[in-house]
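**Q** Next input, structure requested:
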Amino acid sequence: GLCDIGRTADGMKQSFLTIDIRGFGLDTVAPISKYQHLQRLKLAENNLSTLGGLGELNNVVYIDASANQLTDLLDMSPPLCNVSEANFSLNSIRQITTSLE
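**A** As a prediction, the model looks like this:
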């Protein structure tokens, strides 16, 4: 679930900074997108086929989406530009979208 309460990136508020929903059987990331201040996403071992709904999370620096059903990597708009560490292993990735529009 939601954990690691800390300051938001702008330092103005307290917020949950991490979501850990490994192994929950999720097939969509839509509910996660409303948590705008998340910095760490632990989404491993679910049934996700896309991360497309995460594009609005501007503060994400870490994402673990390993062991899902992803076929297209970075298929979100806008892209997660602040990520410094990611794990997409154990997926069936066939395409990496490279557009940074």
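**Q** ok, and Gly6, which helix or strand is that part of?
**A** Assigned by DSSP states H and E, Gly6 belongs to strand 2-7.
**Q** shouldn't Glu85 be in contact with Tyr62?
**A** Yes. Shown here, Glu85 and Tyr62 form a contact pair, counting by C-beta atoms under 8 Å, at 4.8 Å. Where you see a C-beta, it was placed from the backbone N, CA and C, and this is true even at glycine.
**Q** Compare those two and say which is more crowded by neighbours.
**A** Between Glu85 and Tyr62, Tyr62 has the larger neighbour count (other C-beta atoms under 10 Å), namely 16 against 9.
**Q** For the more buried one, which non-adjacent residue is spatially closest?
**A** What sits nearest to Tyr62 in space, not counting adjacent residues and going by C-beta to C-beta, 6 or more residues apart in numbering, is Arg40, at 4.4 Å.
**Q** Spit out the contact partners of that neighbour.
**A** The contact partners of Arg40, taken as C-beta atoms under 8 Å, 6 or more residues apart in numbering, are Asp4, Leu17, Thr18, Ile19, Val60, Val61, Tyr62, Ile63.
**Q** coming back round to it: any chance you could list what contacts the strand holding Gly6?
**A** With C-beta under 8 Å, 6+ apart as the test, strand 2-7 has contacts from Lys13, Gln14, Ser15, Phe16, Leu17, Thr18, Ile19, Asp20, Tyr35, Arg40.
**Q** ok, now how distant is the residue of the chain most remote from its centre from His37?
**A** Checked against the mean C-alpha position of the chain, the extreme residue using C-alpha atoms, centre = their mean is Met12, at a distance of 22.6 Å. Per C-beta to C-beta, to the nearest Å, Met12 is found 10 Å from His37.
**Q** How about Phe24?
**A** 21 Å.
**Q** Mind checking which of the two has more residues around it?
**A** His37 (19 against 12).
**Q** and the closest residue to that one other than its chain neighbours, what are its phi and psi?
**A** Closest residue to His37 apart from its sequence neighbours, by C-beta to C-beta, 6+ apart: Ser15 at 3.9 Å. For Ser15, the backbone dihedrals (degrees, to the nearest 10) come out as phi -160, psi 160.
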